[in-house]
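**Student:** how would this look folded up:
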Amino acid sequence: MRVWQLSRVFASKIYKITRKFPKDELFGLISQLRRAAISILLNIAEGADRKSDAEFKRFLRIALTSLEEVVSGLYISLDQGFLDRQEFISVYEDASILAAKLNSLINTLH
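**Tutor:** Just a heads-up that it's a prediction; the model follows:
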């Protein structure tokens with residue numbers, strides 16, 4: 001599934017970006033961003049295994065909510081100087097594409 005593949009790449013990008021965050025954020029922002037990014041991927045996978053479109057949609061919406069959580073964390077990261085503007089723009093664009101794909105998939109389900 002293409003949206004799952006995109007979310008996997010997105011999660012890897014979040015891991016890469018957060019590797020250079022201050023170590024005192026390991027159990028704070030780093031952990032939160034990584035867990036939310038993984039949640040996107042896991043909820044897509046779990047929802048895909050459900051037996052109804054309604055259940056799949058529910059999990060896709062949870063994935064979308066996790067994506068919004070990542071975006072909010074990225075804004076905080078930018079504000080704190082953990083990301084430069086170009087890194088933020090790059091990952092924000094990836095998040096926007098992923099959100100569009102998730103919404104499109106949600107809209108195709110009955």
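**Student:** just how off-centre is stretch 15-27 within its chain?
**Tutor:** 16 Å (C-alpha atoms, centre = their mean, to the nearest Å).
**Student:** mind listing what's buried in the helix ranked longest in the chain?
**Tutor:** In the chain, taking DSSP state H as the definition, the longest helix is helix 53-79. Within helix 53-79, the residues that count as buried by 16 or more other C-beta atoms under 10 Å are 56-57, 59-60, 62-64, 66-67, 69-71, 73-74, 77-78. For every residue, glycine as well, the C-beta is placed using N, CA and C.
**Student:** what is the most widely separated pair among those residues?
**Tutor:** 56 and 78 (33.1 Å; C-beta to C-beta).
**Student:** excluding chain neighbours, what is closest to residue 25?
**Tutor:** residue 82 (7.3 Å; C-beta to C-beta, 6 or more residues apart in numbering).
**Student:** next, the contact list for the one you found, please.
**Tutor:** By C-beta atoms under 8 Å, 6 or more residues apart in numbering, the contact list for residue 82 reads 20-22, 25, 29.
**Student:** and which of the buried residues of helix 53-79 is nearest to residue 48?
**Tutor:** residue 56 (6.4 Å).
**Student:** what about that closest one, distance to residue 4?
**Tutor:** 12 Å (C-beta to C-beta, to the nearest Å).
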